[in-house]
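Visitor: predicted model and sequence follow; I will ask about them next.
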Amino acid sequence: MRQDQEDPDQRRSAPVYAGADRAGSRPVVIDRPVLYDAVLLDRDGTLVEDVPYNGDPDKVRAAPGAREALDRLRSAGLKLAVVTNQSGLARGYFDREQMRAVHARIEELLGRFDAWLVCPHDDSDGCACRKPAPGLVYAAAEAVGTTPSRCVVVGDIGRDVEAALAAGAAGVLVPTPVTRPEEVAAAGWVARDLPAAVEEILRRGAAVRGRSPARTGGRAGTVLVVRSDSAGDVLVTGPAIRAVAADAERVVLLCGPRGRAAATLLPGVDEIIEHPLPWIEATPDPVDPADIRELTTHLATVDADEAIIFTSFHQSPLPLALLLRMAGVPRIAAISDDYPGSLLDVRHRVPVGVPEPERALSLAAAAGHTLPTDDEPVLRLRPQPARPADLGRPGYVVFHPGSAASSRACPPQVAEGIVRALHAAGHRVLVTGGPDERDVTARVAAAGGVDLGGRTGLAELAAIVADAGALVVGNTGPAHLAAAVGTPVVSLFAPTVPFGQWGPYRVPTVRLGDAGAPCRDTRAAHCPVPGHPCLSGIDPTQVVEALRRVGVPPEPTAPTAGLTGAIGVRGGGGPAVAVTGGGGP
């Protein structure tokens, strides 16, 4: 039985449990894979069968295929840790020694783990470690010598995935009969069982490490990279472009007008060609033969030794590949499910559901370009000027309610309620938007924020977001801007596109909104459902709680309207986490 389905009246106050009989983890030296260093696993329902409040080692039963799956991870050099809520300690259903015995039995069956992280609190304690709070994930990453962004959390309920996202880790949901349908809908990465989750973890890691035998030895010359779409699309391609730049003498980026501002922010780009592609642009002009001839001629003058065409999963690279062949480019790589004939030298395939940055990285790797060991597979920007001084001290909350696609914009009445609730909770709110969104930002800011609508270009917005405590935003370009500067995101995510592919990448995130709304996976630019149900049901207090979860406090001098103790990593609840080597606490 799930602990979050029980009668709250049966809960007891939690005792403090430090569990430090082997405190102080050993230093770890990890041969770093490109994507992940560690896999953090929930205990009950994931590693072993879920026996409610089990203090009896004789009742431990390993999940099918668990030992073999874990041994594959160990063989790949990944560290393993257990992250588990055990409120039975708080409720007195078992004691510390009984829990030690259960964990010892689990290790007999499944092998040793590098760390065990236990939350002994109940929901009512408001601690920083009980999932969905991210405290266990932060502690586990530290225990094995890495960071949350280099960890994968595997669990069987929504709380496990939410804790992973709130720490900036990847989260994999392995559903069981107790997993709610809405938890499956909200998860960005779902696997049928633990062995399948492990298979995909290893496949994704291998995909971004691979090197094509078609191009080996020495540096590449001039490489033309292509991402002709919006600013967010260009930003998520950044890690792949850095991988190419690390291996090339010169990188030329072909982008469209909507992505030009983002292109100027990317490290590794030496030259930019701006040209709209009518098979990519959302509202294209008619195809002009003279314009296409001019583009082909321009591409020929680049004198590229190779080209890599980055696209979204629903776009085709083949029209541009034909132009590049006509321009004399000798080697072309792209992801293509359609038969390319002689248009591609490297035809790459990627399963559905892979995050867009990793999708692009795997194409770069297939073409022979991988990130150097001193780089990370995260979004990055070139150094930007400081933000305007008149915005005051850092730590404010930025709210960006709009989107170029109205289906992904926050309804104005909901946005007003969010700003009102944040202001009442003691947060300083800056409301941002483009020049064509001034009416909306003025309306929303009037509820208690500062209106910056139309006052910031993309570079200025990046500087403002970099100093924010968090960004509240839909699934639109500024969300990826926040990921690139390391700012936590409260994601008001319309499910018109998959969250697993387009959610904020490797940055602390809380997802809000109805993930199972009828617009799911429609890719609609305008809401196809009356009332915008995916976002209209967001309660503004959820946003306040989301900020607490990612550790963003209200302004210290501002009134808090009766709201108390954060439940994020800076929150209260007393010492909570047991960190050990193997053998259990």
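Guide: Sure, I can see it.

Visitor: now the closest residue to Pro495 other than its chain neighbours: how far from Val398?
Guide: Leaving aside its sequence neighbours, Pro495 sits nearest to Arg520 (C-beta to C-beta, 6 or more residues apart in numbering; 4.3 Å). Glycine gets a C-beta too; all of them are placed from N, C-alpha and C. Counting by C-beta to C-beta, to the nearest Å, the gap from Arg520 to Val398 is 27 Å.

Visitor: same check, this time on Ala334
Guide: Per C-beta to C-beta, Ala334 is found 35 Å from Val398.

Visitor: ok, Arg520 and Val398, which is more surrounded?
Guide: More neighbours surround Val398 than the other of Arg520 and Val398, with 27 against 17 (other C-beta atoms under 10 Å).

Visitor: now do the SS call for that one.
Guide: strand (DSSP: H, G, I helix; E, B strand; the rest coil).

Visitor: do Thr84 as well
Guide: Going by three-state DSSP: Thr84 is strand.

Visitor: for the most centrally placed residue in the chain, give its distance to Val118.
Guide: The chain has Tyr505 as the residue nearest its centroid, 3.1 Å off, counting by C-alpha atoms, centre = their mean. The gap separating Tyr505 from Val118 is 29 Å, by C-beta to C-beta.

Visitor: and stretch 55-72, how far apart are its ends?
Guide: Taking C-alpha to C-alpha, to the nearest Å as the measure, stretch 55-72 stretches 29 Å from start to finish.

Visitor: go through it and flag the buried ones.
Guide: For stretch 55-72, burial by neighbour count (16 or more other C-beta atoms under 10 Å) applies to 55, 57, 60, 62-63, 66, 69-70.

Visitor: could you work out the most separated pair of the residues you listed?
Guide: Across the buried residues of stretch 55-72, the longest distance by C-beta to C-beta is 26.0 Å; it joins Gly55 and Ala69.

Visitor: just the strands from the stretch 201-350 of the chain, written as ranges.
Guide: For the stretch 201-350 of the chain, the strands defined by DSSP state E, counting those that start in this stretch cover 220-226, 248-255, 271-274, 306-309, 332-335, 346-348.

Visitor: count the residues that sit near the residue nearest to Asp345 when sequence neighbours are not counted.
Guide: In this structure, Asp345 finds its nearest non-sequential neighbour in Arg331, 4.8 Å apart by C-beta to C-beta, 6+ apart. Using other C-beta under 10 Å, Arg331 has 20 other residues around it.

Visitor: may I ask you to confirm that Arg331 is in contact with Glu306?
Guide: Yes: here Arg331 reaches Glu306: they are 3.9 Å apart, a contact under C-beta atoms under 8 Å.

Visitor: so where do the helices sit in the stretch 351-500 of the chain?
Guide: Listed in chain order, the helices of the stretch 351-500 of the chain (DSSP state H, counting those that start in this stretch) span 356-366, 412-424, 438-445, 458-466, 477-485, 499-502.

Visitor: now distance to His526 and mean pLDDT too, for those, in JSON lines please.
Guide: Shown next, in JSON lines, are those (distance: least, C-beta to C-beta, whole Å; pLDDT from 0 to 100):
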{"stretch": "helix 356-366", "distance to His526": "22", "mean pLDDT": "97"}
{"stretch": "helix 412-424", "distance to His526": "16", "mean pLDDT": "97"}
{"stretch": "helix 438-445", "distance to His526": "16", "mean pLDDT": "96"}
{"stretch": "helix 458-466", "distance to His526": "24", "mean pLDDT": "96"}
{"stretch": "helix 477-485", "distance to His526": "18", "mean pLDDT": "97"}
{"stretch": "helix 499-502", "distance to His526": "18", "mean pLDDT": "96"}
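
Visitor: got those helices as CSV, with mean neighbour count and distance to Arg293 columns?
Guide: Below are the helices of the stretch 351-500 of the chain laid out as CSV (neighbours: other C-beta atoms under 10 Å; distance: least, C-beta to C-beta, whole Å):
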stretch, mean neighbour count, distance to Arg293
helix 356-366, 26, 28
helix 412-424, 21, 45
helix 438-445, 20, 40
helix 458-466, 21, 31
helix 477-485, 28, 32
helix 499-502, 22, 35
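
Visitor: who wins for proximity to Asp123 among the ones you listed?
Guide: Nearest to Asp123 among these is helix 412-424; the distance by C-beta to C-beta comes to 22.2 Å.

Visitor: check the offset of the closest one from the chain's centre.
Guide: 25 Å (C-alpha atoms, centre = their mean, to the nearest Å).

Visitor: what does that helix rub up against?
Guide: 397, 399, 401, 410, 429, 431, 440, 443-449, 472, 535-536, 538, 540-541, 543-544, 547, 561 (C-beta atoms under 8 Å, 6 or more residues apart in numbering).

Visitor: any of those buried? List them.
Guide: Neighbour-count burial (16+ other C-beta under 10 Å) applied to the contacts of helix 412-424 gives 397, 399, 401, 410, 429, 431, 440, 443-445, 447-449, 472, 535-536, 538, 540, 543-544, 547.

Visitor: gap between the two ends of stretch 379-398?
Guide: Using C-alpha to C-alpha, the two ends of stretch 379-398 sit 19 Å apart.
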